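K.L.:
the sequence isn't on hand, but the structure is:
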């Protein structure tokens, strides 16, 4: 009887663990799917803006398929009418350079190699990075990243086709407010972090101040790159993991009890 009860308890515990894992994975995937569908509709604005600026529908669709950088695509398209293609390209590259910073942070979470590494790099955007980094576990981060990448990439490219083909009928993208969908969704993602602590709010305020000050005098893309200096300042100002560990060790019950109550090598 005791053995049967013990086996049943282990089975229940395993089922509960599997259920918890399924719930962890379903939440990020669902959030990523919804976010991708919502933000991807702003591809309508890009398709229409690109064709209105002088690009062909094929060129606009190729940019969405191969570049897939959102704001960088808008920066490039906006430079076409004035003939500043070189400056627009440079600005788009600088603006897309923030994805490299995301990639450094996501490398340990995604853990991909070989050809899949190139595919994962192509899927790094503001939205997929925000969803992945907001998760409590690596498995959930990978699930959220994949769902956001898949839904956003498909929706963005389909919307680009519709916007490019129907540019004449759509008119100005700003009329429908589609140009603010992406920034609004990203703000919704990072808003909880702004309530997390003083350092997060300081980084947000400093980054916004740098971007606003640099926008009138620098080409598109450069202010965003300069604003990342705020994150570096926040990282330097925040206490390091070692300091946190020392603080926790100094205030824990084991520290108060003295060395005899501490964990030995076999308990670490």
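P.N.:
Done, it's in. Since the model is a prediction, treat every value here as computed from it, not as a measurement.
K.L.:
quick one: the helices in the stretch 51-200 of the chain?
P.N.:
57-62, 71-79, 85-96, 98-110, 115-122, 126-133, 138-165, 167-170, 181-194, 198-214 (DSSP state H, counting those that start in this stretch).
K.L.:
which of the residues in the first one are buried?
P.N.:
Think helix 57-62. Neighbour-count burial for helix 57-62 flags 57, 60-61 (criterion: 16 or more other CB atoms under 10 Å). (Each C-beta comes from the backbone N, C-alpha and C, glycine too.)
K.L.:
need the residues that contact it.
P.N.:
46-47, 50-51, 77, 157, 160-161, 163-165, 167 (CB atoms under 8 Å, 6 or more residues apart in numbering).
K.L.:
if we use 10 Å, what do you get?
P.N.:
43, 46-51, 53, 55-56, 73, 77, 80, 157-158, 160-161, 163-167 (CB atoms under 10 Å, 6 or more residues apart in numbering).
K.L.:
quick one: mean pLDDT over that helix.
P.N.:
Per-residue pLDDT over helix 57-62 has a mean of 93.
K.L.:
give me the number of residues near residue 128?
P.N.:
Neighbour count of residue 128, defined by other CB atoms under 10 Å: 27.
K.L.:
my error: substitute residue 138 in the last question.
P.N.:
Using other CB under 10 Å: residue 138 sits among 13 other residues.
K.L.:
kindly report the same for residue 43.
P.N.:
29.
K.L.:
what sits against it?
P.N.:
Counted by CB under 10 Å, 6+ apart, residue 43 has contacts 60-61, 64, 70, 73, 152-153, 155-164, 178, 181-182.
K.L.:
which of those residues are buried? Put it as a PyMOL command.
P.N.:
Command for PyMOL, covering only those of these found buried under the criterion 16+ other CB under 10 Å:
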select buried, resi 60+61+64+70+73+152+153+155+156+157+158+159+160+161+162+163+164+178+181+182
